[in-house]
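*Asks:* kindly return the folded structure for what I paste below:
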Amino acid sequence: MTSLTTSTDTWMRVFHLNLVAPILLAQGLFDELRAASGSIVNVTSIAGSRVHPFAGSAYATSKAALASLTRELAHDYAPHGIRVNAIAPGEIRTDMLSPDAEARVVASIPLRRVGTPDEVAKVIFFLCSDAASYVTGAEVPINGGQHL
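*Replies:* As a prediction, this is how the structure comes out:
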């Protein structure tokens, strides 16, 4: 779905899900996050930084906007003891990635494989842990080197 063919309704739905919902959650949970010195990890995408053959314009631009929001939230929430980061997954082995798509994309990944949900979870765990206590405003790529 290109910018020429995507309906306004689709743009609105995608931006509401990928940009507005994280804002509402961050605002709605602010007091709890502050009390716990909490951490937010947004999920962006490699499609937010480069044109991606499977993503579509609305999805890609919403994820780029979420990356920017992550930096803004990091700036605004840091004085309150809340860290805000993002992960930018590439191709991950889930039901969303068909075997045909996986076979086509593996050749473009320097590690010559797609990632696993467990690998993504471990990066999120790190970003929420004390080991990342001085990390805020970062967007961590999880893509096997696909966007070097």
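
*Asks:* what residues does the lowest-mean-pLDDT helix or strand in the chain touch?
*Replies:* Ranked by mean pLDDT, DSSP states H and E, the weakest helix or strand in the chain is helix 99-106, scoring a mean of 85. With contacts defined as Cβ atoms under 8 Å, 6 or more residues apart in numbering, helix 99-106 is touched by Phe54, Glu91, Arg93, Arg112, Arg113, Val114, Gln146. Yep, even glycine has a C-beta here, placed from its N, CA and C like the rest.

*Asks:* tell me which residues touch Leu29, please.
*Replies:* Taking Cβ under 8 Å, 6+ apart, one finds Gly38 in contact with Leu29.

*Asks:* from the chain's centroid, how far away is stretch 122-135?
*Replies:* The gap between where stretch 122-135 is centred and where its chain is centred comes out at 15 Å by Cα atoms, centre = their mean, to the nearest Å.

*Asks:* quick one: average pLDDT of the longest helix anywhere in the chain?
*Replies:* If you go by DSSP state H, the chain has its longest helix at helix 57-77. Helix 57-77 shows a mean pLDDT of 96.
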